[in-house]
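**Q** Need a 3D model of the sequence below.
(one chain, ligands or ions: 1)
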Amino acid sequence: MIIKDLKVAVIGNHPVVRITTDQGIDGIAAAESSKPYLKPMIEFYKEFIIGKDPTDVERVMLGIRRLGAFKPWGAAVSVIEIALWDLAGKAANLPIYKLLGGKVRDKVQVYNGNIRFKLSHEEYLNASKVGDALSPEEYGKIMKKMVDLPHKFSIIKQGIAFHGPQAIQFPNFYYGEKVNIARHPNSGLITQEGFNYMMDCIDAMLDVCGDKVGLALDCGPGFTVPDAQRLAQALEGKNIMWLEDMITGDYTPYVLADLYKQVTPFTTTRIHTGEQIYLRQNFVELIEKNAVNVLGPDVADVGGLAEMKFIAEYADLHGILFAPHGTLDGVLGIAANVHLAATLPKNYIAFELPNAEPEWWNDILTNTDKLKVTDSHIEVNDLPGLGVTFIEDEAKKYLKEEDKDFFEN
Ligand SMILES: [Mg+2]
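**A** Next up is the predicted model:
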């Protein structure tokens, strides 16, 4: 079997890749819904993979892996890798988890970093606030809504400080100029009143979580080392699942493991990072120096499924836990993460559950009922490849004019 074509369509906001073969079998995968602009970047790799045997996944990847980079640019390589595994699974009539070494668990735990309750304009105006920032009481109320979701999430993540609106909306959160654009550009030393406000919000959420739901906090990037030390130590003994990306993190195109090394060994609060990092080589320092306690790469940014498996195994050898990022990876991302998580070693905690965005994604794919969450877990399915495929007649309704030939062979 050889690869005949690589096609890309933007469906909803997800760039979706479809790799076709001379034998009529295809493989699919999607990048984050925040990256519709990636379409030409994915198409760039076409000439490097045409004519190769897609079931020799690693051999194909050797031809393109070095032509990627940290988030967002590693996503193009990552989705090609996932689509190759989907294709190889369909060709062998086996679920992807069998190709990655077989499953070690029948259901996989997920956490909530995605189903949030954003306030309407009117609710925001009526909410209790400190300056423009929501009050700790409001943080508690929003957390209660998340705890009450039918998924019964065992871990819930909320954004604080530089990850989310606190750094911008609280009047005097930190010593620095506020930049009100997306992707977390702010950083600096946090003021005492900013720190107290942040702690009050965390305590309000902890009160709601009790000891039944682990509270994970997405914090940055943007913390200085002293503030990272201070927050981690102030939360000692509380039910914090992890502090994510305090120093470097989302959209930081480097690692700087030594900065985390100044925090992690000096606190019992678990420190987490990794969602923007591309390739196993860029995790070596974090892992070998035990610079963090939890790693959270994203399968659709790090280089794909086998890349994740390698990093998780190497982390496990160093006593580091694993909680994959995935919030914007969509339904195809859920499917990929389920197969991966089924194969990961005992350091696996949970992956961040993406959702169908827009909801019609559940209508254009087969077997989405197999991805439902019960008691914070998803059963591992035995369907070939990713286990979900496009229902072409339904999916075609959402193809843009320039992508009309997406399903043609
Ligand atoms: Mg994050």
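**Q** Please verify my assumption that Leu94 contacts Pro384.
**A** Yes - contact status for Leu94 versus Pro384: in contact at 6.1 Å, counting by C-beta atoms under 8 Å. Any C-beta I mention is one placed from the backbone N, CA and C, and that applies to glycine too.
**Q** Can you give me the domain assignment for this structure?
**A** As assigned by automatic domain parsing, the chain contains the domains 3-93+391-403, 115-325.
**Q** Can I get those domains in CSV including distance to Thr368 and mean pLDDT?
**A** CSV is the format used below for the domains of the chain (distance: least, C-beta to C-beta, whole Å; pLDDT from 0 to 100):
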stretch, distance to Thr368, mean pLDDT
domain 3-93+391-403, 10, 98
domain 115-325, 15, 97
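**Q** related to what we said a few turns ago, who has more neighbours, Leu94 and Pro384?
**A** The neighbour count for Leu94 versus Pro384, taken as other C-beta atoms under 10 Å, is higher for Pro384 (19 against 16).
**Q** I figured the more buried one hits Asn93, correct?
**A** Yes - using C-beta under 8 Å, Pro384 is in contact with Asn93, at 5.1 Å.
**Q** residues near the closest residue to the ion within the chain, how many?
**A** When distances are taken as C-beta to the ion, the chain reaches nearest to the ion at Asp218, 4.3 Å away. Counted with other C-beta under 10 Å, the neighbours of Asp218 add up to 27.
**Q** Run through the bridge partners of it.
**A** Assessed by DSSP bridges, Asp218 has beta-bridge partners Gly159, Glu244.
**Q** List the contacts of it.
**A** Residues counted as contacts of Asp218 (C-beta atoms under 8 Å, 6 or more residues apart in numbering) are 113, 157-160, 163-164, 244-245.
**Q** For this structure, what lies in contact range of the ion?
**A** With the criterion set to C-beta under 5 Å from the ion, the chain comes near the ion through 218, 244.
**Q** 6 Å - rerun?
**A** Proximity of the chain to the ion (C-beta under 6 Å from the ion) is limited to residues 218, 244-245, 250, 275, 325.
**Q** which one of those residues has the most neighbours?
**A** With neighbours defined as other C-beta under 10 Å, the most crowded of the residues of the chain next to the ion is His325; it has 32 neighbours.
**Q** So what sits opposite that one in the bridge?
**A** On the basis of DSSP bridges, His325 takes part in beta bridges with Asp298.
**Q** And Val8, by the same measure?
**A** Taking DSSP bridges, one obtains Val17 as the residues bridged to Val8.
**Q** who touches it in this structure?
**A** Residues counted as contacts of Val8 (C-beta under 8 Å, 6+ apart) are 15-18, 39, 42-43, 403.
**Q** Name the residues of stretch 319-327 that come out as buried.
**A** Using 16 or more other C-beta atoms under 10 Å as the test for burial, stretch 319-327 gives 320-327.
**Q** on that earlier part again, kindly present the domains of the chain as TSV, with separate columns for distance to Lys103.
**A** Formatted as TSV, the domains of the chain follow (distance: least, C-beta to C-beta, whole Å):
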stretch	distance to Lys103
domain 3-93+391-403	13
domain 115-325	12
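**Q** so where do the helices sit in the stretch 1-150 of the chain?
**A** 39-43, 46-49, 57-62, 75-92, 96-99, 121-126, 136-147 (DSSP state H, counting those that start in this stretch).
**Q** May I see those arranged in a markdown table, with distance to Gly68 as well?
**A** Shown next, in a markdown table, are those (distance: least, C-beta to C-beta, whole Å):
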| stretch | distance to Gly68 |
| --- | --- |
| helix 39-43 | 9 |
| helix 46-49 | 11 |
| helix 57-62 | 10 |
| helix 75-92 | 4 |
| helix 96-99 | 21 |
| helix 121-126 | 39 |
| helix 136-147 | 34 |
